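I would like to see how this sequence folds:
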Amino acid sequence: MNGSAGRNSETRAIVTGGAQGIGFAVAEALADEGCRALALVGRSREKGDKAVAALAKDGVDAIFISADVSVVADCKRVVETAIAHFGTVNALVNAAATSARGSLVETSEDLFDQIFQTNVRGPFFLMQGVVAHLLDRKAPGSIVNVLSMSAHCGQSFLAPYSSSKGALATLTKNVANAYRSNRIRCNAVLPGWMDTEGEAIVQKKWHDAPDDWLEKAEAAQPMGQLVKPAQLARLISYMISPQSGVMTGSLVDYDQTIAGSSPE
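Got it, this is the predicted structure:
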C-alpha cells in the first residue's frame, strides 16, 4: 500500500499560484493523497477554470479564486472565500511569487515594492488570515512557504528577489515559533532552478534563451535535470500532512547545488 495514500484526507487547503507550475503540482499531489477541498488562487481565470476542471474529475471540491496576492484586500478575500465555501481551512501553501530581475544598482523603487508585496507581504497576510481562523477554532493547521535557493545569496540580477525570499525564510521561522503551542506548523522549501512554464517565459524574456534552453540547462546539471514540480510537490504535500508530525520551522533546501559549497 502507498504510504502516502490518504494522508491528506482531512486537509482543506488554499494554494496560491495554484493554477499552474508548482502550485498546481501541489494541488494534484494533495488530491492524490485524499484532499477533497482545494481553493486555488491565481490571476488568470482561464487557467484557474482549467485547473479546477482537472481536479473535479477526481472528485475534488475545487474552487478558483481570482486574486493578486500583492494586494492585501485580495489576500483577506481569499481566506474569507475559502472558509465560506469549505466551512474551514487548515492548510496553506504560498507558491505564488514573482522572480522579476533587478540588480542592486538597477532596481527601481517600484520594482522593489512589487517584488516584496508579492513575495513577502502577500504570504504574511494570507498566513495572518489562516492562523487567526485556526486560533479561533482552536484547531491545528499546516503552512508551507515556497522560497528559493536564492534566499541563501542569489545571483547579482536577483537582488530584490533573493532579499524577499530571505525575508520569507525569517517569517517562516517566526510564525512556526509563535504558534507551535497551538499546533499550527509552518515550514518552507527552497527549490533550485526549476522546470516550469513560468521559467520558460523568464528565460525568453530576461535572458534571450534559445528554444532548446531547457535541454542545454539540464545537460549541465549534476543530476541531468532541473527541479521538477511534481517531485517537489510530494515533499510539500508531506510537510502539509499530519504525517510530518512535529516538523515546524524547517527550511528545506531542494536542489542539487549545495549551499556553501565551492568548486573542487
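
okay, CA-based contacts and neighbour counts for the rest of this
OK.

Identify all contacting residues around the strand ranked longest in the chain.
In the chain, assigned by DSSP state E, the strand with the most residues is strand 184-191. If you take C-alpha atoms under 8 Å, 6 or more residues apart in numbering as the criterion, strand 184-191 is touched by 131, 134, 139-149, 151, 169, 172-173, 175-176, 179, 227, 232, 236, 239, 246-255.

Output that strand in CSV with nothing but the alpha carbons.
Extracted in CSV, the C-alpha atoms of strand 184-191 (Å, rounded to 0.1, in the frame of the first residue of the first chain):
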residue,chain,number,x,y,z
ILE,A,184,0.0,25.3,13.9
ARG,A,185,3.1,24.3,11.9
CYS,A,186,5.0,26.5,9.4
ASN,A,187,7.7,25.2,7.2
ALA,A,188,9.4,26.1,3.9
VAL,A,189,11.0,24.5,0.9
LEU,A,190,13.9,26.2,-1.1
PRO,A,191,13.9,24.8,-4.6
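
who's in contact with the helix or strand following it?
The C-terminal neighbour of strand 184-191 among helices and strands, as given by DSSP states H and E, is helix 197-207. Identification of contacts with helix 197-207 by C-alpha under 8 Å, 6+ apart yields 20, 21, 101, 209, 210, 213.

can I assume the first one is in contact with residue 46?
This means residue 20. No: the criterion here is C-alpha atoms under 8 Å, and residue 20 misses it with residue 46 at 11.1 Å.

Isn't residue 239 up against residue 144?
Yes: counting by C-alpha under 8 Å, residue 239 touches residue 144, with 7.1 Å between them.

ok, back up a step: which pair in the contacts of helix 197-207 spans the largest distance?
20 and 210 (22.7 Å; C-alpha to C-alpha).

which one of the two has more residues nearby?
residue 20 (25 against 10; other C-alpha atoms under 10 Å).

and that one, how far is that from residue 167?
24 Å (C-alpha to C-alpha, to the nearest Å).

cool, and residue 205?
26 Å.

When the two are compared, which one has more neighbours?
Each of residue 205 and residue 167 has its neighbours counted (other C-alpha under 10 Å); residue 167 has more, 17 against 10.

Tell me the secondary structure at the more buried one.
Three-state assignment for residue 167 (DSSP: H, G, I helix; E, B strand; the rest coil): helix.

what about residue 261, how many neighbours?
Residue 261 has 7 nearby residues by other C-alpha under 10 Å.

Report the separation between it and residue 81.
Per C-alpha to C-alpha, residue 261 is found 45 Å from residue 81.

cool, residue 43 as well?
Separation of residue 43 from residue 81 (C-alpha to C-alpha): 15 Å.

show me the contacts for the residue nearest the centre of the chain.
Computing the C-alpha centroid of the chain and ranking residues by C-alpha atoms, centre = their mean puts residue 95 first, at 2.0 Å. By C-alpha under 8 Å, 6+ apart, the residues touching residue 95 are 15, 16, 17, 18, 22, 23, 145, 146.
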